[in-house]
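In: let me see the structure of the following:
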Amino acid sequence: MFAQIFVYCWSGNEVILKSASTGEAIYRMDWPSLSVTEKKELMMIMARTNIPIKFTSSFLITMSLQSYSSILKTSYSAFNLLQK
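Out: Numbers count the residues shown, from 1 in each chain. Take a look at the predicted model:
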């Protein structure tokens, strides 16, 4: 079960990282060779990439490696509590 959750959280983390790096990749492009309309379109994309894309689970938890470690810690704490 934890492996399945890990796959979703890892994939969500990759989406966050890739969406954040998209704006940087556009910024490093060869801007002088582009037309004015292409420059405007890329500026819009760069503005949109300031807010990274995040996968969520029912709008409660963002799927990332940080949330996966939080799930593991909480599960282990609950397990230890029930063992006593």
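In: show me where the protein has its strands.
Out: 56-57, 61-62 (DSSP state E).
In: out of the ones you listed, which is the most enclosed?
Out: strand 61-62 (a mean of 16; mean count of other CB atoms under 10 Å). To be clear about C-beta, it is placed using only N, CA and C from the backbone, and glycine gets the same treatment.
In: and for the nearest residue to Leu72 once chain neighbours are set aside, the neighbour number?
Out: Counting by CB to CB, 6 or more residues apart in numbering, the nearest residue to Leu72 once its immediate chain neighbours are dropped is Phe2, at 7.0 Å. The number of residues packed around Phe2, counting by other CB atoms under 10 Å, is 11.
In: pLDDT-wise, which helix or strand of the protein ranks last?
Out: The weakest-scoring helix or strand in the chain, judged by mean pLDDT, DSSP states H and E, is strand 56-57 (a mean of 82).
In: what are the pairing partners of that strand, and which direction each?
Out: Partners of strand 56-57 in the sheet, by DSSP bridges, are strand 61-62 (antiparallel).
In: surely Ile71 is in contact with Tyr8?
Out: No - counting by CB atoms under 8 Å, Ile71 does not reach Tyr8; the two are 10.5 Å apart.
In: what separates Phe76 from Ile51, distance-wise?
Out: Quick fix: residue 76 reads Tyr, not Phe. Distance of Tyr76 to Ile51, given as CB to CB, to the nearest Å: 33 Å.
In: sorry, wrong one. I was asking about Gln66.
Out: 18 Å.
In: between the two, which one's more packed in?
Out: The neighbour count for Gln66 versus Ile51, taken as other CB under 10 Å, is higher for Gln66 (13 against 9).
In: run through the residues that contact the residue lying closest to that one once chain neighbours are set aside.
Out: Take Gln66 and drop its neighbours on the chain: the residue closest to it by CB to CB, 6+ apart is Asn13, 8.0 Å away. When contacts are counted by CB atoms under 8 Å, 6 or more residues apart in numbering, Asn13 touches 63-66.
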